[in-house]
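Student: A predicted structure for the sequence below; I have some questions about it.
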Amino acid sequence: MEGAVDLSGEAVDLEAMAEKVTYIISPEHKDYITSAGPGKLRSDASACPRGLDFEVVASWLREAFRLGNVSASFDLEFPRYAWARIGDQVYEARLSNAGLGSYKGYPILKHEAPDWLE
């Protein structure tokens, strides 16, 4: 299959999957009001930078899939995690709704990123 990669022993078409995934705004990583409501930043969560364009963030998620920057562990048909390096910052997306392919994202520290991520 064109554009497929082998994850977990199965061929997965990440290009097609990139068109299905969606980014959802999570108040858990915000310390400000968003379209998801007031921020509810958890004490153990990293805060997202203010002023992010969430349409752009969604494009980072889709590009992470196209580049194969996803985990080998899946929930239903979607990888549990995806990663995007934007400048010096790495963002991690975590699957929050496996049935819909919805992800929330947040910045992580360099040492938390996968070693193979360029």
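Tutor: Ah, there it is. Numbering: from 1, shown residues only.

Student: what about the helices in the chain?
Tutor: 14-18, 54-67 (DSSP state H).

Student: Distance from the last one to the middle of the chain?
Tutor: What that stands for is helix 54-67. 8 Å (Cα atoms, centre = their mean, to the nearest Å).

Student: which strands and helices sit next to that helix?
Tutor: helix 14-18, strand 22-23, strand 81-86, strand 89-97, strand 102-108 (3 or more Cβ pairs under 8 Å, 6 or more residues apart in numbering; DSSP states H and E). From N, CA and C alone the C-beta is placed, and that goes for glycine too.

Student: still on that earlier bit, just put the helices of the chain in CSV and tack on mean pLDDT.
Tutor: Shown next, in CSV, are these (pLDDT from 0 to 100):
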stretch, mean pLDDT
helix 14-18, 95
helix 54-67, 96
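
Student: Dump these into CSV; add mean neighbour count and distance to Gly37 as well.
Tutor: Compiled in CSV, those are given as follows (neighbours: other Cβ atoms under 10 Å; distance: least, Cβ to Cβ, whole Å):
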stretch, mean neighbour count, distance to Gly37
helix 14-18, 18, 28
helix 54-67, 17, 14
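
Student: Asp44 is nearest to which of these?
Tutor: For the helices of the chain, the distance to Asp44 is smallest for helix 54-67, at 21.3 Å, taking Cβ to Cβ.

Student: wait, what's in contact with Pro107?
Tutor: Ser46, Ala47, Cys48, Pro49, Gln89, Val90, Tyr91, Glu92 (Cβ atoms under 8 Å, 6 or more residues apart in numbering).
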